[in-house]
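Engineer: using only what follows, build the 3D model:
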Amino acid sequence: MGANDTNIIPVLVHYLSLPYLSHSAIRYTLEILSNLSLHHNNRLSIYNNNGIEHVIPLHAHMDEEIRRLSVQMISYLEDITPEEVLVRK
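Structural biologist: Model prediction:
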């Protein structure tokens, strides 16, 4: 991963807030973000681009795979996010 790879993260995080996005698009976006989360700088970028605020509502999504991926994303972000911030969300 190069230094400019985090430029796509704000776009991907924003996709999660679009009301007309298909279930497949949400799922693929979460999968991409999950893969990017393997690197600390990417986790920071997801966090700094309001990733938590966009991912947590997906915990209640009707698609089981989206729910699973959203929980997985939060578990990756816990590495850099204070517990009290997650509890407030």
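
Engineer: and the closest residue to N42 other than its chain neighbours, what is it in contact with?
Structural biologist: Computed as Cβ to Cβ, 6 or more residues apart in numbering, the closest residue to N42 that is not its neighbour in sequence is L36, at 4.2 Å. Glycine gets a C-beta too; all of them are placed from N, C-alpha and C. For L36, the contact set (Cβ atoms under 8 Å, 6 or more residues apart in numbering) comprises D5, I9, L12, N42, I46.

Engineer: and L36, how close does it get to E64?
Structural biologist: L36 sits 23 Å away from E64, taking Cβ to Cβ, to the nearest Å as the criterion.

Engineer: residue ranges for the helices of the chain, please.
Structural biologist: Per DSSP state H, the chain carries helices over the ranges 9-15, 23-36, 40-48, 51-55, 64-77, 83-88.

Engineer: what's the most buried one of those helices?
Structural biologist: helix 51-55 (a mean of 20; mean count of other Cβ atoms under 10 Å).

Engineer: which elements pack onto it?
Structural biologist: With contacts taken as 3 or more Cβ pairs under 8 Å, 6 or more residues apart in numbering; DSSP states H and E, helix 51-55 sits against helix 9-15, helix 64-77.

Engineer: quick one: contacts of the last one?
Structural biologist: Defining contact as Cβ under 8 Å, 6+ apart, one finds that helix 64-77 is touched by 23, 26-27, 30-31, 33-34, 37-38, 43, 46-47, 51-52, 55-56, 58-61, 86.

Engineer: just to revisit the earlier point, pipe the helices of the chain into TSV and attach mean pLDDT per row.
Structural biologist: TSV is the format used below for the helices of the chain (pLDDT from 0 to 100):
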stretch	mean pLDDT
helix 9-15	94
helix 23-36	95
helix 40-48	89
helix 51-55	94
helix 64-77	93
helix 83-88	61
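
Engineer: now do the phi/psi pair for N50.
Structural biologist: Taking degrees, to the nearest 10, you get phi 60, psi 30 for the backbone angles of N50.

Engineer: and it, how close does it get to V71?
Structural biologist: For N50, the distance to V71 - Cβ to Cβ - is 18 Å.

Engineer: what do you get for S45?
Structural biologist: Taking Cβ to Cβ, one finds S45 at 20 Å from V71.
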